[in-house]
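Engineer: Sequence and predicted model, in that order:
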Amino acid sequence: MCGGCRNRGRCRLGLGEITIIGDAAHAPVRCAPHFQAGPNVAHGGWTAAMFDDIIGRSLTQRGLRTVTGNLTVDFFNPVPVGEAMIVEVVTESRAGRRWTMQAMLRLERDPSPLARAIGVWVERREGHFERHEAAMRDYRAR
Ligand SMILES: CCCCCCCCCCCCCCCC(=O)SCCNC(=O)CCNC(=O)[C@H](O)C(C)(C)COP(=O)(O)OP(=O)(O)OC[C@H]1O[C@@H](n2cnc3c(N)ncnc32)[C@H](O)[C@@H]1OP(=O)(O)O
């Protein structure tokens with residue numbers, strides 16, 4: 001679970017446990033009603049955040065310490081609110097610290113993709129968050 005929900009013990013995005021199979025992964029997801037945009041349709045930001053979290057956590061579960069470098073989402077069809085869906089993640093390639101990842105979102109009982117994400121995750125250098133905190137301290141002291 002990411003830092004925003006860890007203390008609550010519940011993922012507010014509605015994302016389930018990730019299963020890792022080799023360099024691929026899958027997870028059950030369900031868009032909660034508070035992320036509704038159009039009638040019974042998920043906000044596109046939910047879909048992007050869901051992909052970001054599932055792909056990022058799948059890498060964390062594989063023992064990799066990464067952050068999202070970039071993320072592109074293709075929206076093929078409206079994503080329903082409250083419906084059981086599956087996200088499937090694959091590793092496209094790795095070059096040095098860069099991992100190119102792809103993921104698909106689909107309904108639980110239908111193979112047609114609703115949305116696709118492709119992006120690059122970069123392995124963090126030692127002290128990543130400490131450098132960020134120090135930069136913010138400098139900024140606030142200005
Ligand atoms: C968050 C973790 C919590 C952990 C605790 C528990 C975890 C529990 C699960 C949580 C799951 C959360 C899932 C959400 C994940 C986020 O939301 S992460 C937050 C959003 N992302 C960020 O904040 C990243 C901000 N960007 C940065 O900090 C820096 O630009 C980066 C990405 C670390 C790169 O900086 P750097 O380490 O100085 O690396 P640099 O030498 O410039 O580049 C290294 C390589 O990456 C490439 N690269 C750099 N930037 C990019 C880019 N934007 N696009 C493509 N390639 C790039 C470079 O070209 C270079 O390639 P090579 O030359 O080595 O082939």
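Structural biologist: Yep, that arrived.
Engineer: does residue 82 count as helix, strand or coil?
Structural biologist: Three-state call for residue 82 (DSSP: H, G, I helix; E, B strand; the rest coil): coil.
Engineer: neighbours around it, how many?
Structural biologist: 12 (other C-beta atoms under 10 Å). For glycine as for every other residue, the C-beta is placed from the backbone atoms N, C-alpha and C.
Engineer: Residue 62 and residue 140: what is the separation?
Structural biologist: To residue 140, residue 62 is 35 Å away according to C-beta to C-beta, to the nearest Å.
Engineer: more crowded one of these two?
Structural biologist: Taking neighbours as other C-beta under 10 Å, residue 62 and residue 140 compare with residue 62 leading, 15 against 7.
Engineer: Who are the contact partners of residue 69?
Structural biologist: Residue 69 makes contact with 98, 119, 120, 121, 122 under the criterion C-beta atoms under 8 Å, 6 or more residues apart in numbering.
Engineer: rerun that using 10 Å as the cut-off
Structural biologist: 97, 98, 99, 100, 119, 120, 121, 122 (C-beta atoms under 10 Å, 6 or more residues apart in numbering).
Engineer: Most neighbours among the residues you listed, please name it.
Structural biologist: residue 121 (26 neighbours).
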